[in-house]
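Asker: Sequence and predicted model, in that order:
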Amino acid sequence: MSRIVRFHEIGGPEVLKVEDVEVPAPKAGEVQIRVKAMGLNRAEVMFRTGQYVTQPTFPATTGYEAAGLVERIGPGVEGFSVGDKVSVVPCFVLGEYGLHGELVNAPVFGVVRHPESLSWEDAAATWMMFVTAYGALVDIARMQKGDVVLIRAASSSVGLAAIQIVNMLGGVSVALTRGSSKRETLLAAGAQHVIATSEQDLVAEVRRITDGKGARIAFDPVGGPEVPKILDALSHLGIFFQYGALDVSDVPVPVLSLLGKNLTIRGYQLFEITTDPERLERAKAFIVEGLASGALKPVIARTFKLDEIVEATRFMESNEQVGKIVVTV
């Protein structure tokens, strides 16, 4: 028996329970992991509240990210040994696997031997944030030195990862945040510029930063009625990535900006990367290199214990944090 996070109904954080569950042996193509730390993600909230791409089957497990020691290896699995220190790239839809618990099974193609220098907490926080940002900025947009990148919801874990990747590649990171309360924190986290969108003129500020050219890339998990301002702030041939839906209302598109600047407006999820073996391997190599060099490092807002999973989730939903929330076992 192992302690696993499950829920038996749609609802708020309070429906999450830590229960004793018999964990089956890993099947072919799976690795069983003795978990040391787990990362929390917005997608898990959507799954628990019935707003995810798949609906939970009860009792439902949850959790995209974990780090720990290999406990057992499924039939036919090569490249891993019992006792290896590993972490997991989100490469499945919730409902297929759930990684929040003491002992979990994970698909081997998402399991990574991470750098020895990483703590368990850092390893559990790494993959969702960095692969999501890498996929849009590097794999698809082919970001180059000098490119100006607008990063909305910049204090989120993915936003902070995007700042680090832009800086690592010699770009110009522009953090977008609603108010100025997080300005100093974002600057300390590496943002080269911060725009408080409820207090400043976004388009005017971007024009000032770019000498009137506009930003080449925008990276947005929110959507909603503020998107036209971001599109107006893009350069000729700019690209806008919508990678989340914190605002589920339709996104208005200014036709003159779209046509006048030949913009690309693109939906994007990290599964575009993690379900393609070649692209996933490139992502792993890029991120492992960045972690090993110190150019990339997960920003952790706060850690909780497994028995505090409800409190940890409430804290994430409060939007007060800067960085990743991690639960330790």
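Answerer: Thanks, I have it.
Asker: Lowest-scoring secondary structure element of this protein by mean pLDDT?
Answerer: The least trusted helix or strand in the chain, going by mean pLDDT, DSSP states H and E, turns out to be helix 255-260, with a mean of 86.
Asker: quick one, what contacts Arg279?
Answerer: 135, 139, 272-273 (C-beta atoms under 8 Å, 6 or more residues apart in numbering). Backbone N, C-alpha and C define where each C-beta goes, glycine included.
Asker: circling back: what does the helix or strand following the least confident helix or strand of the chain contact?
Answerer: The C-terminal neighbour of helix 255-260 among helices and strands, as given by DSSP states H and E, is strand 264-267. Outside strand 264-267, the residues within contact range by C-beta under 8 Å, 6+ apart are 140, 231, 237-243, 253, 258.
Asker: Throw those into a markdown table and include secondary structure, thanks.
Answerer: Converted to a markdown table, these look like this (DSSP: H, G, I helix; E, B strand; the rest coil):
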| residue | secondary structure |
| --- | --- |
| Ile140 | helix |
| Leu231 | helix |
| Leu237 | strand |
| Gly238 | strand |
| Ile239 | strand |
| Phe240 | strand |
| Phe241 | strand |
| Gln242 | strand |
| Tyr243 | coil |
| Val253 | coil |
| Leu258 | helix |
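Asker: Can you select the buried ones from these in PyMOL?
Answerer: To isolate the buried members of the contacts of strand 264-267 in PyMOL, using 16 or more other C-beta atoms under 10 Å:
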select buried, resi 140+231+238+239+240+241+242+243
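Asker: Can you report how many residues neighbour the residue lying closest to Arg314 once chain neighbours are set aside?
Answerer: Nearest in space to Arg314, with sequence neighbours left out and distances taken as C-beta to C-beta, 6 or more residues apart in numbering, is Pro13 at 4.9 Å. Pro13: 18 surrounding residues under other C-beta atoms under 10 Å.
Asker: right, and Pro13 touches Ser318 too?
Answerer: No - the pair Pro13 / Ser318 is not scored as a contact, 10.4 Å apart, by C-beta atoms under 8 Å.
Asker: domains for the chain, by residue range?
Answerer: Using automatic domain parsing, the domain parsing of the chain gives 2-127+299-328, 144-267.
Asker: What segments of the chain are helices?
Answerer: 42-48, 120-134, 157-168, 183-188, 202-209, 227-232, 255-260, 271-274, 277-293, 309-317 (DSSP state H).
Asker: Switch the ones you listed over to JSON lines; also include distance to Leu103.
Answerer: Listed next are the helices of the chain as JSON lines, based on distance: least, C-beta to C-beta, whole Å:
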{"stretch": "helix 42-48", "distance to Leu103": "19"}
{"stretch": "helix 120-134", "distance to Leu103": "15"}
{"stretch": "helix 157-168", "distance to Leu103": "25"}
{"stretch": "helix 183-188", "distance to Leu103": "36"}
{"stretch": "helix 202-209", "distance to Leu103": "47"}
{"stretch": "helix 227-232", "distance to Leu103": "43"}
{"stretch": "helix 255-260", "distance to Leu103": "50"}
{"stretch": "helix 271-274", "distance to Leu103": "23"}
{"stretch": "helix 277-293", "distance to Leu103": "24"}
{"stretch": "helix 309-317", "distance to Leu103": "16"}
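Asker: who's in contact with Arg302?
Answerer: With C-beta under 8 Å, 6+ apart, Arg302 has these contacts: 312, 315, 321, 325-326.
Asker: One more pass at 7 Å, please.
Answerer: When contacts are counted by C-beta atoms under 7 Å, 6 or more residues apart in numbering, Arg302 touches 315, 321, 325.
Asker: Low-confidence bits of the protein, can you list those?
Answerer: Within the chain, no range satisfies pLDDT under 70.
Asker: Geometric centre of it: which residue is closest?
Answerer: In the chain, the residue lying closest to the centroid (C-alpha atoms, centre = their mean) is Met129, at 3.1 Å.
Asker: Could you list which residues are in contact with that one?
Answerer: By C-beta under 7 Å, 6+ apart, the neighbours of Met129 are 157-158, 161, 298, 324.
Asker: just the buried members of those?
Answerer: 157-158, 161, 298, 324.
Asker: Closest one to Lys85 out of those residues, please.
Answerer: Pro298 (15.8 Å; C-beta to C-beta).
Asker: For the closest one, grab phi and psi.
Answerer: Note on Pro298: its backbone torsions stand at phi -60, psi 140 [degrees, to the nearest 10].
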